[in-house]
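Visitor: When you get a sec, could you give me coordinates for this:
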Amino acid sequence: MRSDKMVRISIKPFEIKDAEMDRLKRELKGNMTKVLAIKLDVEHYGKLTQQQMADALGITRMTLYRWKVYDYIFEYELERQHELRSEHYRREYRKLSDRRRVSASEILGDAAYLRMALGLSN
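Guide: Presented below is the predicted three-dimensional model:
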């Protein structure tokens with residue numbers, strides 16, 4: 001396939017919206033470190049280790065671990081954002097797939113479909 005004919009696949013990366021950021025701030029009682037931890041974890045999923053995330057936030061890796069395991073509000077919000085991320089990518093891939101149902105008349109042609117519908121085919 002020639003490069004000028006190649007189809008460019010563009011999938012928008014997931015970003016937490018401003019309304020969701022405000023909601024996270026409210027739910028986590030204004031603790032911006034926890035909000036940023038969720039943002040880093042969700043938006044850079046699989047790209048950063050727990051240690052790299054902790055270093056970026058200025059906390060220890062164990063603090064991050066404790067939040068994920070023992071802080072049920074943090075745990076719930078993190079899971080919720082991951083579900084929103086999954087839904088975002090499902091929609092993006094669905095747009096790319098361009099699947100549509102093919103009708104019987106498109107497969108057989110109009111004349112053959114008409115014969116089949118009328119029961120005239122052999």
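Visitor: If I look at M6, what pLDDT would I see?
Guide: Note on M6: pLDDT of 51.
Visitor: brain fart, R2
Guide: pLDDT for R2: 47.
Visitor: now do D110
Guide: Looking at D110, its pLDDT reads 71.
Visitor: elements contacting the longest helix along the chain?
Guide: Longest helix in the chain by number of residues (criterion: DSSP state H): helix 72-97. Here helix 72-97 touches helix 18-27, helix 32-43, helix 61-70, going by 3 or more C-beta pairs under 8 Å, 6 or more residues apart in numbering; DSSP states H and E. In this view, the C-beta of every residue, glycine as well, is placed from N, C-alpha and C.
Visitor: nearest to Q81, of the ones you listed?
Guide: For the helices and strands packed on helix 72-97, proximity to Q81 was assessed by C-beta to C-beta; helix 32-43 is nearest, at 4.4 Å.
Visitor: in this protein, what secondary structure element scores lowest on mean pLDDT?
Guide: When the helices and strands of the chain are compared on mean pLDDT, DSSP states H and E, helix 104-108 comes out lowest with a mean of 62.
Visitor: buried stuff in the helix or strand following that one?
Guide: Beyond helix 104-108 on the C-terminal side, the first helix or strand identified by DSSP states H and E is helix 110-118. By 16 or more other C-beta atoms under 10 Å, the buried positions in helix 110-118 come out as Y113.
Visitor: tell me how far helix 110-118 is from the chain's mean position?
Guide: Centroid separation between helix 110-118 and its chain, computed with C-alpha atoms, centre = their mean, to the nearest Å, is 44 Å.
Visitor: Show me what that helix is packed up against.
Guide: Packing contacts for helix 110-118, counted by 3+ C-beta pairs under 8 Å, 6+ apart, involve helix 104-108.
Visitor: With mean neighbour count, mean pLDDT and distance to H88 as new columns, can the helices and strands packed on helix 72-97 be given to me in a markdown table?
Guide: What follows is the helices and strands packed on helix 72-97, written out as a markdown table (neighbours: other C-beta atoms under 10 Å; pLDDT from 0 to 100; distance: least, C-beta to C-beta, whole Å):
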| stretch | mean neighbour count | mean pLDDT | distance to H88 |
| --- | --- | --- | --- |
| helix 18-27 | 14 | 97 | 11 |
| helix 32-43 | 18 | 97 | 10 |
| helix 61-70 | 14 | 97 | 22 |
